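Colleague: fold the following, please.
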Amino acid sequence: MQPIIPPFPVTRLRRMRSSGALRDLAQEHRLSVKDLIWPIFITDVPGADVEVPSMPGVSRVTLEGAVRAAEMAAGLGIPAICLFPYTDPAVKTESCEIAWSPDNITNRVIRAIKAAVPEIAIMTDIALDPYNINGHDGLVVNGEIVNDETVEALVKMGLAQAEAGADILGPSDMMDGRIGALRSVLEANEHRNVTILSYAAKYASVFYGPFRDAVGASGALKGDKKTYQMNPGNSDEALRLVARDLSEGADMVMVKPGMPYLDVCRRVKEAFGVPTYAYQVSGEYAMLAGAIGNGWLKREGTILESLLAFRRAGCDGVLTYFAPEAARLLAEA
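Modeller: Numbering: from 1, shown residues only. Model prediction:
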């Protein structure tokens, strides 16, 4: 539909910007605390609960710290948190069996938070890189990241998280067929209401560097992840991946990274009309936090404008390390 715009001066488009009240009435997209998911890094490694050097203001927390973070998030109105573990390098293996142990740090934190803050939704990460001596999201056999064997491991990992009480499972591994396999095992084990937020369009991006520092995967990674994560030059492929994951039982889908891929967010939302999320990843956070810390950008405006961009692009919500601060700013506004 083409807009009808009479010529100047009958139409003065600045009229609707001439006061705060008119700007509010004409605003097309809004950011709410209910749009936020807060990713936190958890650890049971003594002395590892410190600030991540490449992510100013972001620290790993212990089990007790994770419970306090969940209580704070609930108090701010944030509907969900997402858990990412830092594992002792000494216990990482090629088979990654700690990933599905009921007593690993993720599953213990899930149970602790559910006991203390049952109203907050807990999202988890399903990928093997925090437990993999090779640093990859999948199992490595003779130098190849193998698909089908990895899916079997991921299914065990997801089932253990569901049994611990997770509300949202986030497969971020980009293996083929993992959504269908995971949905089948959840149904078979009566976890029918556990939702899957698939990292359906996850790109092989340079913006993940600080995250790998946070989970201890940077030094372990051998090679790159380009055989399973997406080519940054592709967007049609993203639609195929989203369609595939939805057909296999994903309830929601994610585009990752976020800000450099807002065009993909828009295409996914317009094509499928499903709950669509983006991850404002560690590199995006570090970039903005660094500029803010140097006084090059204003803190409050930068945080809120960067997050509003996701809503304008069609996202229903965003994973962001700025979530608590954004929640406070929105409450003050």
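
Colleague: C-alpha from now on. contacts and neighbour counts both.
Modeller: Will do.

Colleague: what sits against Lys225?
Modeller: The contact partners of Lys225, by C-alpha atoms under 8 Å, 6 or more residues apart in numbering, come to 136, 204.

Colleague: from Ser205, how far out is it?
Modeller: According to C-alpha to C-alpha, to the nearest Å, Lys225 and Ser205 sit 9 Å apart.

Colleague: overlap of the contact sets of these two?
Modeller: The overlap between the contact sets of Lys225 and Ser205 (C-alpha under 8 Å, 6+ apart) is empty.

Colleague: just the CA atoms of the helix or strand harbouring Ala326, as PDB, please.
Modeller: Assigned by DSSP states H and E, Ala326 belongs to helix 323-332. Only the C-alpha atoms of helix 323-332 are listed here, as PDB (Å, rounded to 0.1, in the frame of the first residue of the first chain):
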ATOM      1  CA  ALA A 323      18.800  -6.700  30.500                       C
ATOM      2  CA  PRO A 324      19.000  -5.600  34.200                       C
ATOM      3  CA  GLU A 325      20.100  -2.100  33.300                       C
ATOM      4  CA  ALA A 326      17.600  -1.800  30.500                       C
ATOM      5  CA  ALA A 327      14.800  -3.000  32.900                       C
ATOM      6  CA  ARG A 328      15.700  -0.300  35.400                       C
ATOM      7  CA  LEU A 329      15.900   2.400  32.600                       C
ATOM      8  CA  LEU A 330      12.500   1.300  31.300                       C
ATOM      9  CA  ALA A 331      11.000   1.400  34.800                       C
ATOM     10  CA  GLU A 332      12.400   4.900  35.300                       C
END
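
Colleague: what's that helix in contact with?
Modeller: By C-alpha under 8 Å, 6+ apart, helix 323-332 touches 32-33, 36-38, 73, 76-78, 300, 303-304.

Colleague: just the buried positions in it, please.
Modeller: 323-324, 326-327 (16 or more other C-alpha atoms under 10 Å).

Colleague: closest to Lys156 out of the residues you listed?
Modeller: Ala323 (30.2 Å; C-alpha to C-alpha).

Colleague: just how off-centre is stretch 256-270 within its chain?
Modeller: 13 Å (C-alpha atoms, centre = their mean, to the nearest Å).

Colleague: swap that for stretch 73-82, please
Modeller: The answer for stretch 73-82 is 14 Å, by C-alpha atoms, centre = their mean.

Colleague: ok, back up a step: now do the helix holding Ala326, average pLDDT.
Modeller: The average pLDDT within helix 323-332 is 97.

Colleague: re earlier: between the buried residues of helix 323-332, which is closest to Glu144?
Modeller: Nearest member of these to Glu144, counting by C-alpha to C-alpha, is Ala323, at 37.0 Å.

Colleague: isn't Met123 right up against Ala166?
Modeller: Yes - in this structure Met123 lies within contact range of Ala166 using C-alpha atoms under 8 Å: 6.2 Å.

Colleague: may I have the secondary structure class of the closest residue to Glu248 other than its chain neighbours?
Modeller: Leaving aside its chain neighbours, Glu248 sits nearest to Gly180 (4.4 Å; criterion: C-alpha to C-alpha, 6 or more residues apart in numbering). Three-state call for Gly180 (DSSP: H, G, I helix; E, B strand; the rest coil): helix.

Colleague: re the thing from before, let's have the buried residues of helix 323-332 in JSON lines, adding distance to Val274.
Modeller: Below are the buried residues of helix 323-332 laid out as JSON lines (distance: C-alpha to C-alpha, whole Å):
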{"residue": "Ala323", "distance to Val274": "23"}
{"residue": "Pro324", "distance to Val274": "26"}
{"residue": "Ala326", "distance to Val274": "25"}
{"residue": "Ala327", "distance to Val274": "25"}
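
Colleague: and these, which is closest to Gly47?
Modeller: For these, the residue nearest Gly47 by C-alpha to C-alpha is Pro324; the value is 24.3 Å.

Colleague: quick one, grab the pLDDT at Ser218.
Modeller: On the pLDDT scale, Ser218 gets 68.

Colleague: for Arg212, that is, sorry about that
Modeller: 84.

Colleague: contacts for the helix or strand containing it?
Modeller: In this assignment (DSSP H and E), Arg212 forms part of helix 209-215. Applying C-alpha under 8 Å, 6+ apart, the contact partners of helix 209-215 are 41, 52, 54-55, 60, 84-87, 130, 218, 281-283, 286.

Colleague: so where's this structure shaky on pLDDT?
Modeller: 218 (pLDDT under 70).

Colleague: can you rerun that using 90?
Modeller: For the chain, applying pLDDT under 90 flags the ranges 1-13, 135, 209-223, 333.

Colleague: ok, the residue nearest to Glu248 - contacts?
Modeller: By C-alpha under 8 Å, 6+ apart, Gly180 lies in contact with 245, 248-249.

Colleague: which one of the residues you listed is nearest Cys265?
Modeller: Checking the contacts of Gly180 one by one against Cys265 (C-alpha to C-alpha), the nearest turns out to be Asp245, at 15.5 Å.

Colleague: assign that closest one to helix, strand or coil.
Modeller: Put simply, Asp245 is helix when judged by three-state DSSP.

Colleague: sounds good, over and out.
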